[in-house]
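Peer 1: What would the 3D arrangement of this be:
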Amino acid sequence: MSTEPRLAEATEPEPALKAAPSTDQAVKETLEDYTLRFAPRSYRRWTPMVVATTALGGIAYMADFSIGAGIAFAHGTGNALVAIAVAAVVIFVTGFPLAYYGARYNIDLDLITRGSGFGYYGSVLTSVIFASFTFIFFALEGSIMAQGLKLGLGMPLWLGYLVSTLMVIPLVIYGMKALSKLQVWTTPIWLLLMVAPLVYLVSNDPGTVDRFLAYAGTDGDGAVNTASVLLGAGVCLSLIAQIGEQIDYLRFMPPKTEANKRSWWTAVVMAGPGWVVLGALKQAIGVFLAVYVLAEVGPAVATEPIQQFKGAFDAMLPSWTVLPLAVALVVISQIKINVTNAYSGSLAWTNSFTRVTKRYPGRMVFVLVNLGFALALMEADMFSFLNSILGFYSNCAIAWVVTVATDIGVNKYLLKLSPHAPEFRRGMLYAVNPVGVVAFVAASGLSIAMYFHGLGDTLQPYSPVAAALIAFVLTPVMAIVTKGKYYLRRTDDGIDEPMLDADGNPSAVTLDCHVCRQPYERPDLAACQTHDAVVCSLCLSTDKVGDHVLPAQPATA
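Peer 2: You can find the predicted model right below:
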């Protein structure tokens, strides 16, 4: 009998008053796993370690092997390993405050971003950035799977792209219930297939390690230099937005208490910023395997994970088992990550669309939109210019994540100009907060100009550094210049019940939403402007005329 806690079965009482069709549909869908809103305590029945295990199951992607190999071929093993390490440190440091806020306050990265310098509509910018991350990496993983299907089954690449796209749709429909079960039962198989050939190669042929460390790249002497390291780190830093997908799981963490604080912190660190430890190891393994198979298959295909693991399995297993196992590893990995990519991307698109249009068209619509973008990238053979796409994208991702992390770490805790507790509800936030928006636009704009040689060839490798530094400096500067006055439109949401309990966790007290007649916990509600009642955050988002949205509080002298 499984010991894995089941997600709470949401019982939906019949509404006393029928909500508008869009709102009614939104309520039914988002009660599946509280998409687009605060995740209530009554739903979060997992232990910290179960949440962490499920979250780490989502990083079983194969792209790391290709990324590491691509950097090594361009710059040599030494530069690749230093670049991987530099990127990992940046990703860990910036991911920590984001993971903490997601787990502590049970909200996703978009909701965190709203109250951390961007405003209610300002964070639409970053939602699009995150959605782009999900379909870019969906396309990358789908390309890797198509390569496996071509090698193992002789399937044409175009058909493999289509198969890898369509096969995830049934799994994504059911949200977190399906995802959590999938990640738990596939993780042991994935780990065994990935680790076993590496251990075998190193133990049976120690010379592979020497060849790996001595590899100088296709051009140059392999000497470690700043430009090569930064160019490689820029590619690795395209993965910085992965913290958003980790938080999609971490928001289901149980309340932090004195009794569970050790396991709670372990889970948050391990499954939050700690994902990059495994990611960096996979990138280094990708370098190792690519160098190992290079002489046999050549640099043109040695970056393909299917070729890397085919070569590794070939050294340790009977020939008839090699291709089936290599294909199985690629397919399992692709499914594990791409259901998460499709799911998280659909949330990002839906969140943005709902805020801008005040309509909820259904998450499935944006599952298909996201998959359409990914399929177009695959058919355009994005794998052949992978590093260029990731190097460009990383500038935007770095600017966003560093801006939010700096707002939390500096503006909230040091300068105390940003509200300590996150705010995400319509009416409580200004439409746009110049603190985050200006810092993000300036950092991403200037770093992209540098990446495309707009500021000269010498500065081009430094674009990821520029993105991080500009965001880090401008975020507190803008908070000081604006005196923090654009964070909150209101400081009082009209409800007397405290937002947090005695332990500092979001309150579990429930109240009924006046519009959809569903019970929600305290942090998801605000008072109604026109009735002596409360309204949930999603009904506020879909309020077309603003009847329920509280007015701005008058400025105090």
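Peer 1: residue ranges with poor pLDDT in the stretch 101-250 of the chain?
Peer 2: 171-186, 219-221 (pLDDT under 70).
Peer 1: Which parts of it are helices?
Peer 2: Taking DSSP state H, counting those that start in this stretch as the criterion, the stretch 101-250 of the chain contains helices spanning 109-113, 124-153, 157-166, 169-173, 175-204, 207-214, 226-236, 242-250.
Peer 1: Is it possible to get CSV of those that adds distance to residue 452 and mean neighbour count?
Peer 2: For the C-beta atoms, the positions are set from N, CA and C on the backbone; glycine is no exception. Converted to CSV, the helices of the stretch 101-250 of the chain look like this (distance: least, Cβ to Cβ, whole Å; neighbours: other Cβ atoms under 10 Å):
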stretch, distance to residue 452, mean neighbour count
helix 109-113, 26, 27
helix 124-153, 18, 24
helix 157-166, 28, 18
helix 169-173, 35, 16
helix 175-204, 36, 16
helix 207-214, 33, 14
helix 226-236, 13, 24
helix 242-250, 24, 28
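Peer 1: In CSV: these, plus distance to residue 499.
Peer 2: Listed next are these as CSV, based on distance: least, Cβ to Cβ, whole Å:
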stretch, distance to residue 499
helix 109-113, 14
helix 124-153, 24
helix 157-166, 42
helix 169-173, 33
helix 175-204, 25
helix 207-214, 53
helix 226-236, 38
helix 242-250, 20
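Peer 1: Just the element for residue 388, please.
Peer 2: helix 386-406 (DSSP states H and E).
Peer 1: what's that helix packed up against?
Peer 2: helix 63-75, helix 77-105, helix 109-113, helix 124-153, helix 226-236, helix 434-451, helix 463-482 (3 or more Cβ pairs under 8 Å, 6 or more residues apart in numbering; DSSP states H and E).
Peer 1: again, only this time at 10 Å
Peer 2: helix 63-75, helix 77-105, helix 109-113, helix 124-153, helix 226-236, helix 242-250, helix 434-451, helix 463-482 (3 or more Cβ pairs under 10 Å, 6 or more residues apart in numbering; DSSP states H and E).
Peer 1: Where does the prediction get shaky in the chain?
Peer 2: For the chain (pLDDT under 70), the answer is 1-33, 35, 58, 171-186, 219-221, 297-300, 383, 386-387, 555-557.
Peer 1: how distant is the helix holding residue 388 from the center of its chain?
Peer 2: The chain centroid and the centroid of helix 386-406 are separated by 12 Å, computed with Cα atoms, centre = their mean, to the nearest Å.
Peer 1: Only C-alpha atoms, please: export it in PDB.
Peer 2: What follows is helix 386-406 as a C-alpha-only set of coordinates in PDB (Å, rounded to 0.1, in the frame of the first residue of the first chain):
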ATOM      1  CA  LEU A 386      20.800  25.500 -29.200                       C
ATOM      2  CA  ASN A 387      23.500  27.500 -27.600                       C
ATOM      3  CA  SER A 388      22.600  30.700 -29.500                       C
ATOM      4  CA  ILE A 389      18.900  30.500 -28.400                       C
ATOM      5  CA  LEU A 390      19.900  29.800 -24.700                       C
ATOM      6  CA  GLY A 391      22.600  32.400 -24.600                       C
ATOM      7  CA  PHE A 392      20.100  35.100 -25.800                       C
ATOM      8  CA  TYR A 393      17.300  33.900 -23.600                       C
ATOM      9  CA  SER A 394      19.400  33.800 -20.500                       C
ATOM     10  CA  ASN A 395      19.800  37.600 -20.500                       C
ATOM     11  CA  CYS A 396      16.000  38.000 -19.900                       C
ATOM     12  CA  ALA A 397      15.800  35.200 -17.400                       C
ATOM     13  CA  ILE A 398      18.700  36.500 -15.300                       C
ATOM     14  CA  ALA A 399      17.300  40.000 -15.300                       C
ATOM     15  CA  TRP A 400      14.000  38.800 -14.000                       C
ATOM     16  CA  VAL A 401      15.100  36.300 -11.300                       C
ATOM     17  CA  VAL A 402      17.900  38.600 -10.000                       C
ATOM     18  CA  THR A 403      15.400  41.500  -9.800                       C
ATOM     19  CA  VAL A 404      12.900  39.500  -7.700                       C
ATOM     20  CA  ALA A 405      15.600  37.900  -5.600                       C
ATOM     21  CA  THR A 406      17.100  41.300  -4.800                       C
END
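Peer 1: Ramachandran coordinates for residue 427?
Peer 2: Residue 427 adopts backbone torsions of phi 100, psi -30, taken as degrees, to the nearest 10.
Peer 1: how about it, what does it touch?
Peer 2: Residues near residue 427 by Cβ atoms under 10 Å, 6 or more residues apart in numbering: 120, 489-490, 493-494, 526-529, 535, 537, 540, 543, 546, 548-552.
Peer 1: again, 8 Å this time
Peer 2: Residues near residue 427 by Cβ atoms under 8 Å, 6 or more residues apart in numbering: 489, 490, 493, 526, 529, 540, 549, 550, 551.
Peer 1: neighbours around the last one, how many?
Peer 2: In terms of burial, residue 551 registers 10 neighbours under the definition other Cβ atoms under 10 Å.
Peer 1: got a list of what the closest residue to it other than its chain neighbours touches?
Peer 2: Leaving out its chain neighbours, the residue that sits closest to residue 551 by Cβ to Cβ, 6 or more residues apart in numbering is residue 529, at 6.5 Å. Residues near residue 529 by Cβ under 8 Å, 6+ apart: 427, 546, 547, 548, 549, 550, 551.
Peer 1: at 7 Å instead, please
Peer 2: 547, 548, 549, 550, 551 (Cβ atoms under 7 Å, 6 or more residues apart in numbering).
Peer 1: now those residues: which count as buried?
Peer 2: 548, 549, 550 (16 or more other Cβ atoms under 10 Å).
Peer 1: wait, which of those is closest to residue 70?
Peer 2: residue 549 (48.6 Å; Cβ to Cβ).
Peer 1: Tell me if I am right that that closest one is in a helix.
Peer 2: No. Residue 549 is assigned coil when assessed by DSSP: H, G, I helix; E, B strand; the rest coil, not a helix.
Peer 1: before we move on, the earlier item: report the secondary structure element holding the residue nearest to residue 551.
Peer 2: Short version: residue 529 belongs to no helix or strand, going by DSSP H and E.
Peer 1: got the end-to-end distance for stretch 292-307?
Peer 2: Using Cα to Cα, to the nearest Å, one end of stretch 292-307 lies 10 Å from the other.
Peer 1: can you start the count at 10 instead of 1 from here on
Peer 2: With the count now opening at 10, the last piece we talked about shows up as stretch 301-316.
Peer 1: contacting residues around it?
Peer 2: 71, 74-75, 78-79, 82, 153, 156-157, 160, 210, 217, 227, 299, 317, 320-321, 335, 339.
Peer 1: Give me the buried stretch members for that stretch, please.
Peer 2: Neighbour-count burial for stretch 301-316 [16+ other Cβ under 10 Å]: 301, 302, 303, 306, 310, 311, 312, 313, 314, 315, 316.
Peer 1: and what of stretch 527-545?
Peer 2: Quick answer for stretch 527-545 (16+ other Cβ under 10 Å): 527-537, 543-545.
Peer 1: again, but for stretch 334-348
Peer 2: Quick answer for stretch 334-348 (16+ other Cβ under 10 Å): 334-348.
Peer 1: And those, which is closest to residue 148?
Peer 2: residue 347 (9.5 Å).
Peer 1: so is that closest one in a helix, a strand, or just coil?
Peer 2: helix.
Peer 1: residues in contact with it?
Peer 2: Neighbours of residue 347 in contact, by Cβ under 7 Å, 6+ apart: 147, 150, 151, 177.
Peer 1: And it, how far from residue 357?
Peer 2: Counting by Cβ to Cβ, to the nearest Å, the separation of residue 347 from residue 357 is 15 Å.
Peer 1: Helices of the stretch 260-409 of the chain, residue ranges please.
Peer 2: 270-280, 284-306, 308-311, 314-325, 328-366, 372-388, 395-415.
Peer 1: Same list, those, but as JSON lines with distance to residue 253 please.
Peer 2: Converted to JSON lines, these look like this (distance: least, Cβ to Cβ, whole Å):
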{"stretch": "helix 270-280", "distance to residue 253": "13"}
{"stretch": "helix 284-306", "distance to residue 253": "11"}
{"stretch": "helix 308-311", "distance to residue 253": "31"}
{"stretch": "helix 314-325", "distance to residue 253": "24"}
{"stretch": "helix 328-366", "distance to residue 253": "7"}
{"stretch": "helix 372-388", "distance to residue 253": "14"}
{"stretch": "helix 395-415", "distance to residue 253": "8"}
